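Below are the sequence and a predicted model for it; my questions follow.
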Amino acid sequence: MIWYVNPKTGKDSNDGRSAASAFKTLAHAVGVASSSDTILIAPGVYDQDLPQQVSNARAANLMISVTGAD
């Protein structure tokens with residue numbers, strides 16, 4: 001499964017399954033993703049501790065990648 005995160009246009013109440021319905025926070029995406037899923041994060045300013053969230057995602061066997069610029 002691929003999950004999308006965009007701190008500018010996303011909302012954690014979205015389903016996170018497309019760029020148009022992205023989550024706002026990486027922490028939320030990590031919480032809903034399953035092992036071996038991929039999380040695509042858009043460039044932007046993240047309110048949470050991004051390095052720690054990426055570390056949490058990797059510990060949960062999730063792939064993290066940055067998408068192209070908005």
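In hand now; what should we look at? Residues are numbered from 1 along each chain as shown.

wait, A57 sits on H28?
No - with contact defined as CB atoms under 8 Å, A57 does not count as touching H28 (11.5 Å). No exception for glycine: its C-beta is placed from N, CA and C like everyone else's.

any weak-confidence spans in the chain?
69-70 (pLDDT under 70).

all strands for it, in order.
Shown for the chain, the strands assigned by DSSP state E span residues 2-5, 38-41, 63-66.

This structure: helices as residue ranges?
In the chain, the helices defined using DSSP state H lie at 26-32, 50-59.

Of those helices, which stretch is the most buried?
helix 26-32 (a mean of 20; mean count of other CB atoms under 10 Å).

chain center to stretch 28-47: distance?
Averaging C-alpha positions (CA atoms, centre = their mean, to the nearest Å) puts stretch 28-47 2 Å from its chain's average.

gap between the nearest residue to Q48 once chain neighbours are set aside and G68?
The shortest distance from Q48 to any non-neighbouring residue, by CB to CB, 6 or more residues apart in numbering, is to A27 (5.4 Å). Counting by CB to CB, to the nearest Å, the separation of A27 from G68 is 22 Å.

do L40 as well
L40 is 10 Å from G68, by CB to CB.

Looking at those two, which one has more neighbours?
Neighbour count, other CB atoms under 10 Å: between L40 and G68, L40 has more, with 19 against 8.

In space, what's closest to the more buried one - neighbours in sequence excluded?
Sequence neighbours aside, T67 is the residue nearest to L40 in space, at 4.8 Å (criterion: CB to CB, 6+ apart).

wait, what's in contact with the one you found?
When contacts are counted by CB atoms under 8 Å, 6 or more residues apart in numbering, T67 touches Y4, A19, L40, I41, A42, P43.
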